[in-house]
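J.: Pasting the sequence and the predicted model now:
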Amino acid sequence: MELYALPLGICDLHLTGDPAGETRSLPVPAFLIRLPGDELVLIDTGMSRLHVDDPWATWRGTPSEPYVTVRMTPEDSLLYRLKQLDLAPEDIDYVINTHLHFDHAGNNDLLGGAKFLVQREQYEYAKDHPGFPNRYWNLPHLSYELLDGEQEPFPGIRVIPTPGHCPGHQSVLFRLPETGQVILCGDAVYERRNYDEDDWSDQADPKVARESALRLLDLSRQAPGVMFYGHDAEQAKTIRWSPSASYR
């Protein structure tokens, strides 16, 4: 098994609605797992490649427009990152969406040959919800397998319900021969700072989010390895990004 970390641009959150005011710049990653049998599992699909030419492609004309700007170069598109690995969208066999927000499911529409694994609660919650733009993922040519709770969809790969960021959020846990245990938190944990400061106030349901995050922390303490947080700018400086390196 092998893991590739894919950098897919930056999401700038303007906390005051003014780009010149306080802004948080969040790196947006996706992860690609190559299974022992050579099947490919993509964890999240990042922000739509439409943002390369239009930073407001998702939120223009909505109440969120003043608060969200996307920064993507052509190299930050999922298509480019796959091409760097000599892959095309049709090579992806499965996608695990931690959830269906625009920065985690923005390129689902490209992957019509894949099977998507999403928690049933998240899928039902996100349908027709303006906070989860359906144009990227709720499409007739996409095939979803809806999960109910913790499961092991592939040998050695577990999905773990981690609600709090949104209903039906899930994180992913597996083990690599050299790296050890890997936990892909998704947005269950935005940054290491959340643990350091015990601050979950940015989450939709802070109490439930804290419980989910502490469960992941407990799992991380049971075996050596690495946790990848959802949008940690400091951690992003240390990640071995594809295609220069991979985790094994």
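T.: Received, thanks.
J.: can you pull the contacts of the closest residue to residue 149 other than its chain neighbours?
T.: Excluding the flanking residues, the one nearest residue 149 by Cβ to Cβ, 6 or more residues apart in numbering is residue 161, at 5.8 Å. Using the backbone N, CA and C atoms, a C-beta is placed for each residue, glycine as well. For residue 161, the set of contacting residues under the criterion of Cβ atoms under 8 Å, 6 or more residues apart in numbering consists of 119, 149-150, 168-170, 212.
J.: so which of the residues you listed is the most crowded?
T.: Neighbour tally across those (other Cβ atoms under 10 Å): the maximum, 31 neighbours, falls on residue 169.
J.: Now that one: closest residue in space, sequence neighbours ignored.
T.: Leaving aside its chain neighbours, residue 169 sits nearest to residue 99 (4.7 Å; criterion: Cβ to Cβ, 6+ apart).
J.: Touching, the one you found and residue 172? I think so.
T.: No: distance between residue 99 and residue 172: 11.8 Å, which falls outside the contact criterion (Cβ atoms under 8 Å).
J.: contacts for the longest helix seen in the chain?
T.: Ranked by number of residues, the top helix in the chain under DSSP state H is helix 206-221. With contact meaning Cβ under 8 Å, 6+ apart, helix 206-221 is reached by 160-165, 169, 171, 173, 181, 183, 185, 188-189, 194-195, 198, 200, 203, 227.
J.: circling back: next, give phi and psi for the residue nearest to residue 149.
T.: phi -60, psi 130 (degrees, to the nearest 10).
J.: show me what contacts residue 94?
T.: Contacts of residue 94 were listed using Cβ under 8 Å, 6+ apart, and they are 39-42, 114-117, 153-154.
J.: redo that, cut-off 10 Å
T.: Residues near residue 94 by Cβ atoms under 10 Å, 6 or more residues apart in numbering: 33, 35, 39-43, 111, 114-117, 145, 153-154, 157.
J.: which among the residues you listed end up buried?
T.: 33, 35, 40-43, 111, 114-117, 154, 157 (16 or more other Cβ atoms under 10 Å).
J.: Out of those residues, which sit inside helices?
T.: Among these, none falls in helices (DSSP H).
J.: coming back round to it: just the ones in strands from the contacts of residue 161, please.
T.: Counting by DSSP state E, the members of those that fall within strands are 119, 170.
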